[in-house]
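> Quick one, structure for this:
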Amino acid sequence: MRSEPTNRWASKPVRVRAGHSGKGHGRPWQRLSRNIRANHPLCQVCETRPSTEVHHKRKWYASVEGRLDPRNCIAVCRSCHELLEKANNG
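Residues are numbered from 1 along each chain as shown. Here you go, the predicted structure:
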């Protein structure tokens with residue numbers, strides 16, 4: 001009896017993009033993020049740089065409903081997002 005898989009790809013590990021494993025970055029989130037950034041082309045914090053990311057006001061993993069709630073999200077630039085994350089975690 002054969003113990004190894006017959007499909008040569010079956011033994012290869014599943015590849016997951018670094019930093020995105022299990023974070024809920026599926027199509028609904030991508031669609032919401034794109035819409036929020038389209039409605040707010042400038043960062044809602046500094047109002048000078050283009051918005052490139054979306055920040056959750058309340059932690060997204062605290063409530064499942066809040067993850068895809070547009071009222072819980074703001075469009076921000078990269079540097080403002082890093083400052084907001086430091087303030088929330090520090």
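> contacting residues around stretch 29-47?
Residues from elsewhere that reach stretch 29-47, judged by Cβ atoms under 8 Å, 6 or more residues apart in numbering: 48-54, 67-68, 70, 73-77, 79-80, 83-84. (Each C-beta comes from the backbone N, C-alpha and C, glycine too.)
> ah, wrong one, I meant stretch 57-77
Contacts of stretch 57-77 (Cβ under 8 Å, 6+ apart): 24, 28-29, 32-33, 35-37, 39-46, 49-56, 84, 88.
> Going through those, which ones are buried?
In the contacts of stretch 57-77, burial by neighbour count holds for 29, 32-33, 36-37, 40, 43-45, 51, 53-56, 84, counting by 16 or more other Cβ atoms under 10 Å.
> Now do the buried residues in the helix or strand of the chain with the lowest mean pLDDT.
Using mean pLDDT, DSSP states H and E, the weakest-scoring helix or strand in the chain turns out to be helix 64-67, at a mean of 79. Buried residues in helix 64-67, counted by 16+ other Cβ under 10 Å: 66-67.
> Report the next helix or strand after it in sequence order.
Sequence-wise, the next helix or strand downstream of helix 64-67 (DSSP states H and E) is strand 73-76.
> Please identify the pairing partners of that next one and their relative orientation?
strand 53-56 (antiparallel) (DSSP bridges).
> Go ahead and produce PDB holding the CA coordinates of the strand it pairs with.
C-alpha atoms of strand 53-56 as PDB (Å, rounded to 0.1, in the frame of the first residue of the first chain):
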ATOM      1  CA  GLU A  53      -4.700  52.600   4.300                       C
ATOM      2  CA  VAL A  54      -7.800  52.100   6.500                       C
ATOM      3  CA  HIS A  55      -7.600  52.200  10.300                       C
ATOM      4  CA  HIS A  56     -10.200  50.700  12.700                       C
END
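> Check the offset of that strand from the chain's centre.
Offset of strand 53-56 from its chain centre (Cα atoms, centre = their mean, to the nearest Å): 8 Å.
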